[in-house]
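Asker: model this:
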Amino acid sequence: MTYCVAMRLDAGLVFLSDSRTNAGVDQVGNFRKMTVFENPGDRMMVLMTAGNLSISQSIRQVIAERTTSGGKTIWTATSMYEAAQIVGEAVRTVYERDARALREFGIDFNVSIIFGGQIQGERSRLFQVYAAGNFIEAHNENTYFQIGEAKYGKPIIDRVITPATPLNEAAKCALISMDSTLRSNISVGLPLDLLIYEENKLAVTRFVTIDEKNQYFQMIRSTWGQQLKSVFEGIADPVWNAAPDAGARALSTTNTDSRPVRVAPPHSLASNVQPGPLQTLAQQDGGNRQH
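Answerer: Residues are numbered from 1 along each chain as shown. I've put the predicted structure just below:
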């Protein structure tokens, strides 16, 4: 498994990927998921992949070598949309070549791709490419994409990132998102590749490979956990059966009519103690249910 996240911001792009692959608990390896296609001054493009490693590597190779029927390559595409089409065609090429043979061995054609960057003459763009070769583009309403084990790192991004977020803040957010994923899923692991692209530079401006010794990431891991615990402890505990005007701490009030759905025990086990104002399922239905 893996986790990759990319963000399209007014100031540029942020890409972050882990490097763990596994085919079982005893077959764990490190393979880098991020590839850069760069011709400084003309274009800078980043490809990140998740899914079957052999499929991902084959697609990357086809992209690097492919010439379309119109004579275009990833190096001569005139727009990021056209470059994304080349990526999609590469996915379909590998599918047509390998999918049947993989299926005969019980292996699904499983790949997800984030592709983004900038070509001279247009703004930065970001795409998510699916296993069928089709793709969608990030816009201001949805300014980031995730692939792989995405659910653990999503909440912090949803709460923090907007198109106006500065690149350094976005990088910090991406690293916190990755830390949350690392903490909750063993199939995602170090080292990480972090690339920051400044709008209109048309070259990689900042890149770092992060391992367990990286001081900033270690600070993120310890500080984020401490701050979460501090914020958690600073939120008031709930008050039950409070006065109606008790305010924000009131989880329930004396005038609250809340009842759980209860299943009555068999008559042979039923006690004489009644549940008070709360009703049983049978009582709620007036004894009309039949089974």
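Asker: what about V208, how many residues nearby?
Answerer: By the criterion of other CB atoms under 10 Å, V208 has 15 neighbours. All C-beta spots, glycine's among them, are computed from the backbone N, C-alpha and C.
Asker: check which helix or strand covers it.
Answerer: Using DSSP states H and E, V208 maps to strand 206-210.
Asker: pairing partners for that strand, with directions?
Answerer: strand 192-198 (antiparallel) (DSSP bridges).
Asker: would you map the strands across the stretch 1-150 of the chain?
Answerer: 3-9, 12-17, 20-22, 28-30, 34-39, 43-51, 111-119, 125-129, 135-137, 144-148 (DSSP state E, counting those that start in this stretch).
Asker: so can I have CSV of these showing mean neighbour count?
Answerer: CSV is the format used below for the strands of the stretch 1-150 of the chain (neighbours: other CB atoms under 10 Å):
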stretch, mean neighbour count
strand 3-9, 27
strand 12-17, 26
strand 20-22, 19
strand 28-30, 12
strand 34-39, 17
strand 43-51, 24
strand 111-119, 25
strand 125-129, 23
strand 135-137, 16
strand 144-148, 23
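Asker: tell me which of these lies nearest to S180.
Answerer: S180 lies closest to strand 3-9 among the strands of the stretch 1-150 of the chain, at 9.7 Å (CB to CB).
Asker: what mean pLDDT does the closest one get?
Answerer: Model confidence over strand 3-9 averages 98 on the pLDDT scale.
Asker: can you pull out the helices in the protein?
Answerer: Under the criterion DSSP state H, the chain carries helices at the ranges 53-65, 80-104, 154-160, 167-184, 215-234, 281-284.
Asker: buried residues in the third one?
Answerer: Of the residues in helix 154-160, those with enough neighbours to count as buried (16 or more other CB atoms under 10 Å) are 156-157.
Asker: show residues contacting it.
Answerer: For helix 154-160, contacts defined as CB atoms under 8 Å, 6 or more residues apart in numbering pick out 5, 7, 144, 146, 169, 173-174, 176-177, 180.
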